[in-house]
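Asks: Fold the following, please.
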Amino acid sequence: MASHEPVPPPAAAPQADDVGAHVIFCVDNSGSMRTEDASAEDGANLTRAEAVARCCRQLVATQQQQGQGMRQCYSLVLFNLEADTCFTKVNVAAAAQLLQRPARPALGTNFSAAWLAV
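Replies: Numbers count the residues shown, from 1 in each chain. Coordinates of the predicted model:
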């Protein structure tokens, strides 16, 4: 999920006055997210980071399939001791693709870093 490389906005991103909603995912990326205490639908063990990533991808995929995401833009902020804005104001197709990138949980948790990044 995380990328330290800047992601340019896709050409098809909705214009500011056409945006119905801006969905911002603020996701804990601290070391505790490596804990394997979540379960997949098939019963397989998942880390907390994997479980959250699946939920984000599922929301975007559902909105894309139902056509709800066409007037929305999406952003992802990962936080531990600092906030990392992985992508900002991308369209639904780009969000679906960018959310495939794996996160690398590490360090402690500082919630205020995420809110300051938003």
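
Asks: Name the residues of stretch 21-30 that are buried.
Replies: Across stretch 21-30, burial judged by 16 or more other CB atoms under 10 Å covers 23-30. For glycine as for every other residue, the C-beta is placed from the backbone atoms N, C-alpha and C.

Asks: cool, stretch 80-87 as well?
Replies: Across stretch 80-87, burial judged by 16+ other CB under 10 Å covers 80, 83-87.

Asks: Repeat that for stretch 59-72.
Replies: Those would be 59-60, 63-64, 69, 72, for stretch 59-72 by 16+ other CB under 10 Å.

Asks: In three-state terms, label the residue minimising distance to the centre of the chain for me.
Replies: Against the mean C-alpha coordinate of the chain, by CA atoms, centre = their mean, the closest residue is L76 at 4.1 Å. Here L76 is recorded as strand under DSSP: H, G, I helix; E, B strand; the rest coil.

Asks: What residues are bridge-paired with it?
Replies: When bridges are called by DSSP bridges, L76 pairs up with F25, F87.

Asks: quick revisit: what's the most distant pair in the buried residues of stretch 80-87?
Replies: Farthest apart among the buried residues of stretch 80-87 by CB to CB are N80 and F87. That separation is 17.6 Å.

Asks: from what I can see L46 touches M33, true?
Replies: No: between L46 and M33 there is no contact under CB atoms under 8 Å: 10.7 Å.

Asks: between these two, who's got more neighbours?
Replies: Neighbours were counted for L46 and for M33 using other CB atoms under 10 Å; M33 has more, 23 against 16.

Asks: close enough to count as contact, the more buried one and T47?
Replies: Yes: in this structure, M33 is within contact of T47 by CB under 8 Å, at 6.5 Å.

Asks: shared neighbours of the two, which are they?
Replies: In terms of CB atoms under 8 Å, 6 or more residues apart in numbering, M33 and T47 are both contacted by the residues P105.

Asks: so where's the chain shaky on pLDDT?
Replies: 1-19, 69, 114-115, 118 (pLDDT under 70).

Asks: Could I get the full set of helices for it?
Replies: Assigned by DSSP state H, the helices in the chain fall at 48-65, 92-98, 111-117.
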